[in-house]
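> Sharing a model that was predicted from the sequence below.
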Amino acid sequence: MTITRFLTGITTSGTPHLGNYVGSIRPSVRASQTPNVESFYFLADYHALIKIDDPARIQRSTLEIAASWLAAGLNPDHVTFYRQSDVPEIPELTWLLTCVTGKGVLNRAHAYKASVDKNIAAGIDPDADVTAGLFMYPVLMGADILMFNAHKVPVGRDQIQHIEMARDMAASFNHRYGVYFVPPQAEIEESVATLPGLDGRKMSKSYDNTIPLFSSREQLKKLITGIKTDSRAPGEPKDTEGSALFQIYQAFASEEETAKLRQAYADGIAWGDAKALLLDRVDQEIAPMRAAYEDLMAHPERIEALLLQGAAKARAIATPFMAQLRAAVGLRSLDTAAKADSGKTAKAALASFKQYREKDGQFYFKLVDSTGGLLLQSRGFESPKVAGQAIAQLQREGAAGITALQIQIEALDAPAQAAAAQALTALAEAAEAAEKK
Ligand code: TRP
């Protein structure tokens, strides 16, 4: 059983709509309930600053998005749910990654390039109104992902390039300093089509064609009535293809329900009746969550407390990992820096794992150097098999596996942590070399 770590961020720049729900919230909440998955969900409020300079809107959106995720069933006891700006290690890591990222790579980022191309087309300065924040956006996103060594990042297609950039950042950091980062993978939900909006184009804030997730039933009815259809009269057969109404229905309905509506289209259902069916189907799923949402919105202090707890959970990983990373790049106490470098490679070459059982009945392992000095101490595992699998993951992923497995190394000082990471890197490299032979 290898633990797979999922992580995804939601920019706090708007009010969640049905498209966000179908494309991101619902699949993520479901994924977080599967076994052997560890999930990290966060509110990307630093990212929001790139687009929005209205403080009240950022705060409002943060509250609405957090309430939406919780109302949709995200269980903060099972996942790590936090706000990006509560984890100061993220901007700190952003700088370390900035220093291993090619400027040319960022020049090619779609969002930045689109702004520049627009300016060029308009015949004005290519960088007019382009902030350095927009330019640096992919690095901040890389730090979000690499901070927790996520294996899989569920995102929309428009974000694939950013995940590839994060992989590049991981590779160039690992190449320079030892294997600290797992290369993340984008996870694209093939089955989740993008939801069309009221006008038939992709549902998106920027097209102003959205249906807010938590509209009242009355509002929902009004919006659904406004969905664009063609002018075919009742009794005339209708096309499901290209019908926004049909596609939204499909995103909520079972296969049988969808088949029934398809038949009704062929039989010439009146648009008004089809809209009534859609309203009922969507509301059936949303109504139970709506009550939870309204309750949460009325108690922002509860959400705040949950987010702070989430941040504490996130920082239990980020703080020690950041200490390792600082030591790795040479941001070290002058007191101990010389010590850390001496004999590091010799130690690393001969490090080995020892498995044992404690009085508490749990199974543990440690990594010791050639002189028996402790490099790493695991937490307890329920069986020798699971502990062995954790060792295998460390051997495969090197130091990157430390965060993935939540190995306890807080007790060690930063140079010792760096030595442990180096030892694991050496082991992972040796394993890879052996495999190639
Ligand atoms: N950029 C993402 C978006 O706009 C949000 C985001 C920020 C994100 N950091 C992330 C997504 C890290 C996944 C992983 O959709």
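Thanks, I have the structure now.
> Show me which residues of the stretch 251-400 of the chain sit near the ligand.
Residues of the stretch 251-400 of the chain lying close to the ligand (CB under 6 Å from any ligand atom): none. Bear in mind the C-beta positions are built from the backbone N, C-alpha and C, glycine included.
> Now do the strands in the stretch 251-400 of the chain.
Using DSSP state E, counting those that start in this stretch, the strands of the stretch 251-400 of the chain run over 352-357, 363-368, 374-377.
> before we move on, what about the stretch 51-200 of the chain?
Under DSSP E, counting those that start in this stretch, the stretch 51-200 of the chain gives strands at 80-83, 152-154, 185-187.
> What mean pLDDT does the last one get?
Spelled out, it's strand 185-187. What strand 185-187 shows for mean pLDDT is 93.
> and if you look at the first one?
Taken as a whole, strand 80-83 carries a mean pLDDT of 98.
> and that strand, which strands flank it?
Here strand 80-83 has these sheet partners by DSSP bridges: strand 37-44 (parallel).
> Just the CA coordinates for the strand it pairs with, please, in CSV.
What follows is strand 37-44, C-alpha atoms only, in CSV (Å, rounded to 0.1, in the frame of the first residue of the first chain):
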residue,chain,number,x,y,z
VAL,A,37,-5.2,8.6,-0.7
GLU,A,38,-4.1,11.6,1.3
SER,A,39,-5.7,14.8,0.1
PHE,A,40,-4.6,18.4,0.4
TYR,A,41,-7.1,21.1,-0.6
PHE,A,42,-6.3,24.7,-0.2
LEU,A,43,-7.6,28.2,-0.9
ALA,A,44,-5.1,29.9,-3.2
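> List of residues touching it?
Around strand 37-44, the neighbours that count as contacts under CB atoms under 8 Å, 6 or more residues apart in numbering are 3-12, 28, 31-32, 62, 65-66, 69, 74, 78-84, 141, 144, 148, 150, 307, 310, 314.
> Is any residue of that strand near the ligand?
Yes: using CB under 6 Å from any ligand atom, we find that strand 37-44 touches the ligand at residue 44.
> what's the average pLDDT for that strand?
On average, strand 37-44 scores 96.
> let's have the chain start at 5 instead
All set: I'll call the first residue 5, so the last point we hit is now strand 41-48.
> chain center to that strand, what's the gap?
On the basis of CA atoms, centre = their mean, to the nearest Å, strand 41-48 sits 5 Å off its chain's mean C-alpha point.
> same deal with stretch 166-176?
15 Å.
> now swap in stretch 308-321 and tell me
For stretch 308-321, the distance to the chain centre is 16 Å (CA atoms, centre = their mean).
> what's the answer for stretch 238-245, then?
With CA atoms, centre = their mean, you get 40 Å for stretch 238-245.
> which residues are contacting it?
Residues outside stretch 238-245 that contact it (CB under 8 Å, 6+ apart) are 234, 236, 250, 265-266, 269-275, 277-278.
> Try it again at 10 Å.
233-234, 236, 249-251, 253-254, 262, 265-266, 268-278 (CB atoms under 10 Å, 6 or more residues apart in numbering).
> Now for the closest residue to residue 307 other than its chain neighbours, how many residues are close by?
Nearest non-adjacent residue to residue 307, counting by CB to CB, 6 or more residues apart in numbering: residue 70, 4.9 Å away. Residues lying near residue 70 (other CB atoms under 10 Å) number 28.
> For the closest residue to the ligand within the stretch 5-154 of the chain, give the beta-bridge partners.
At 3.1 Å from the ligand, residue 13 is the closest residue in the stretch 5-154 of the chain, using CB to the nearest ligand atom. Judged by DSSP bridges, the bridge partners of residue 13 are residue 46.
> Residue 88 is in contact with that one, correct?
Yes: if you go by CB atoms under 10 Å, residue 13 and residue 88 touch, sitting 6.7 Å apart.
> Compare the two (neighbour count), which wins?
Taking other CB under 10 Å, residue 13 and residue 88 do not tie; residue 88 has more neighbours (25 against 21).
> Provide a list of residues in contact with that one.
13-16, 46-52, 66, 94-95, 144, 147-148, 151, 315, 318.
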